[in-house]
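Chemist: take this sequence and fold it.
(one chain, ligands or ions: 1)
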Amino acid sequence: MSLLATNVGNVKLKNPVLLASGTCGVAAREFSSYFNLSELGGIVTKSLGIRPWVGNPTPRVVEIPNCGILNSIGLQNPGIEYFAKNELPFLTEQNATVVLNVVGETLDEYIQAVDYIKNRISEFSAIELNLSCPNVDGGLDFSQDPKKAFTVVSEIKKITKIPLWAKLSPNITDITVIGKACIDAGVDGLSLINTILGLAINRWTKKPVLPRGVGGYSGPAIKPIALRMVWQTYKQFPKIPIIGIGGIHTTDDAIEFLLCGASCIQVGTANFANPKASIEIINGLKDYLEKNKLSSISEIVGQAHQNKTPVSARH
Ligand SMILES: Cc1cc2nc3c(=O)[nH]c(=O)nc-3n(C[C@H](O)[C@H](O)[C@H](O)COP(=O)(O)O)c2cc1C
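Modeler: Predicted coordinates:
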């Protein structure tokens with residue numbers, strides 16, 4: 001077994017590196033010309049609803065130089081039925097590990113979407129509930145209100161045995177409050193974090209660049225915020241697997257998330273600048289294990305919380 005193989009709760013992954021939802025097309029089809037999709041720890045699909053969503057008016061993306069991007073895609077997606085019929089067979093053929101990201105405007109829509117695939121446990125390693133999209137009206141409701149987060153997680157747990165991850169929003173004062181609600185409802189993992197609300201202004205038109213005004217900020221600039229949220233959540237709930245997301249572009253970034261308590265990580269905005277970023281991180285992690293004579297990547301998960309001072313950091 002590879003040293004990079006890891007368990008995220010009861011989800012077995014070949015390695016701890018996945019592609020983040022919405023940053024690799026609907027189902028990473030375009031990435032298969034760069035590498036074999038089966039080399040990844042997994043692919044998280046675009047958020048899929050029970051019906052197709054048209055998304056927001058354009059422009060939808062603004063680059064914030066050296067920091068990342070602000071997006072307002074508005075969850076454009078072809079719907080879960082289209083995905084299951086037209087995209088999933090391709091992923092299966094590629095032997096890819098698939099995490100299905102699901103979204104709904106209402107509790108009922110989340111339930112209907114999961115209901116559509118609830119028994120297909122051999123095709124999906126996990127379901128990731130997107131409770132945290134900042135780019136649609138009401139998109140943050142489920143991850144800003146602990147009661148709503150509890151309800152959606154517990155209702156979905158009732159209908160499927162596929163492991164369930166909840167993707168939370170950083171647009172909240174204390175992420176552990178929502179994390180606890182999801183844990184109480186039986187969630188199997190917490191995906192931390194989605195994008196942070198931001199704004200870009202065009203000083204010539206004197207108006208926001210994005211038609212909806214605000215957008216979701218992602219990329220290198222959000223890494224410290226994401227690390228802080230992984231850190232806080234692991235500290236309070238060390239037993240719940242955390243999927244670390246936010247500004248991960250390099251192996252070093254990935255290692256920092258694992259040390260803070262993430263069991264695996266997702267690569268998002270980096271994919272736009274370098275479609276092979278995830279593979280480079282996987283190779284970098286292999287080197288890291290060899291150089292440090294570690295027998296498994298899970299050995300470093302949460303290590304930043306231990307009190308022992310590493311020899312190399314002593315003065
Ligand atoms: C263009 C774009 C589209 C996204 N679409 C989704 C989506 O459909 N569902 C979702 O859960 N997250 C979506 N995200 C959020 C990412 O999956 C990720 O959580 C976030 O960008 C932070 O990671 P990063 O800094 O590595 O990009 C999107 C992000 C971007 C930049």
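Chemist: spell out the secondary structure type for the residue of the chain found nearest the ligand.
Modeler: Using Cβ to the nearest ligand atom, residue 22 is the residue of the chain that sits closest to the ligand, at 1.9 Å. (C-beta placed from N, C-alpha, C; glycine too.) Here residue 22 is recorded as coil under DSSP: H, G, I helix; E, B strand; the rest coil.
Chemist: would you agree it is in contact with residue 73?
Modeler: Yes - using Cβ atoms under 8 Å, residue 22 is in contact with residue 73, at 6.6 Å.
Chemist: neighbour count for those two, which is higher?
Modeler: residue 22 (27 against 20; other Cβ atoms under 10 Å).
Chemist: show me what contacts the more buried one?
Modeler: Contacts for residue 22 were tallied using Cβ atoms under 8 Å, 6 or more residues apart in numbering; they are 46-47, 73, 101, 268.
Chemist: buried residues in stretch 52-70?
Modeler: By neighbour count on 16 or more other Cβ atoms under 10 Å, the buried set for stretch 52-70 is 53, 56, 60, 62, 68-70.
Chemist: what residues does it touch?
Modeler: 71-79, 82, 103, 135-136, 198-200, 209-212, 215-222, 247, 269, 272.
Chemist: what segments of the stretch 201-315 of the chain are strands?
Modeler: 201-202, 207-208, 214-218, 242-245, 264-267 (DSSP state E, counting those that start in this stretch).
Chemist: which elements pack onto the longest one?
Modeler: When you say that, I think you mean strand 214-218. Using 3 or more Cβ pairs under 8 Å, 6 or more residues apart in numbering; DSSP states H and E, the elements in contact with strand 214-218 are strand 68-71, strand 196-199.
Chemist: export the ones you listed as a markdown table, with columns for mean pLDDT.
Modeler: Below are the helices and strands packed on strand 214-218 laid out as a markdown table (pLDDT from 0 to 100):
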| stretch | mean pLDDT |
| --- | --- |
| strand 68-71 | 97 |
| strand 196-199 | 96 |
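Chemist: so which of the strands of the stretch 201-315 of the chain comes closest to residue 305?
Modeler: Minimum separation from residue 305 across the strands of the stretch 201-315 of the chain (Cβ to Cβ) falls at strand 242-245, 12.1 Å.
Chemist: write out the residues of the protein neighbouring the ligand.
Modeler: The chain comes close to the ligand at residues 20-23, 46-47, 69, 71, 73, 75, 101, 130, 167, 194-195, 218-219, 222, 245-248, 268-269, as judged by Cβ under 6 Å from any ligand atom.
Chemist: list buried residues within those residues.
Modeler: Neighbour-count burial (16+ other Cβ under 10 Å) is assigned, among those, to 20-23, 46-47, 69, 71, 73, 75, 101, 130, 167, 194-195, 218-219, 222, 245-248, 268-269.
Chemist: lowest-pLDDT helix or strand in this structure?
Modeler: In the chain, no helix or strand scores lower on mean pLDDT, DSSP states H and E than helix 141-144, which sits at a mean of 86.
Chemist: which residues touch that helix?
Modeler: By Cβ under 8 Å, 6+ apart, helix 141-144 touches 129, 131-132, 148-149, 152, 166-169, 171-172, 178, 194.
Chemist: cool, and stretch 149-163?
Modeler: Residues contacting stretch 149-163 (Cβ under 8 Å, 6+ apart): 9-11, 100, 107, 110-111, 114-115, 117-121, 124-127, 129, 131, 142-143, 164, 166, 178, 181-182, 184-189.
Chemist: any of these buried? List them.
Modeler: 9, 11, 100, 110-111, 114, 117-118, 124-127, 129, 131, 142-143, 164, 166, 178, 181-182, 185, 187-189.
Chemist: phi first, then psi, for residue 17.
Modeler: In terms of degrees, to the nearest 10, the main-chain angles of residue 17 are phi -120, psi 120.
Chemist: any idea what it is bridged to?
Modeler: Residues in a beta bridge with residue 17, per DSSP bridges, are residue 265.
Chemist: nearest to residue 231, of the buried residues of stretch 52-70?
Modeler: Once Cβ to Cβ is applied, the member of the buried residues of stretch 52-70 that ends up nearest residue 231 is residue 68, at 20.3 Å.
Chemist: what residues are bridge-paired with that closest one?
Modeler: What pairs with residue 68, by the bridge criterion (DSSP bridges), is residue 64.
Chemist: how about the helices in this structure?
Modeler: Secondary structure of the chain by DSSP state H: the helices cover 80-82, 88-93, 107-117, 141-144, 146-159, 175-184, 223-236, 251-260, 270-273, 277-291.
Chemist: for the ones you listed, which one sits closest to residue 27?
Modeler: helix 88-93 (5.6 Å).
Chemist: quick one: buried residues of that closest one?
Modeler: 88, 91.
Chemist: burial measure for the closest residue to residue 28 other than its chain neighbours, as a count.
Modeler: With sequence-adjacent residues excluded and distances taken as Cβ to Cβ, 6 or more residues apart in numbering, residue 28 is closest to residue 43, at 4.6 Å. Neighbourhood size, residue 43 [other Cβ under 10 Å]: 28.
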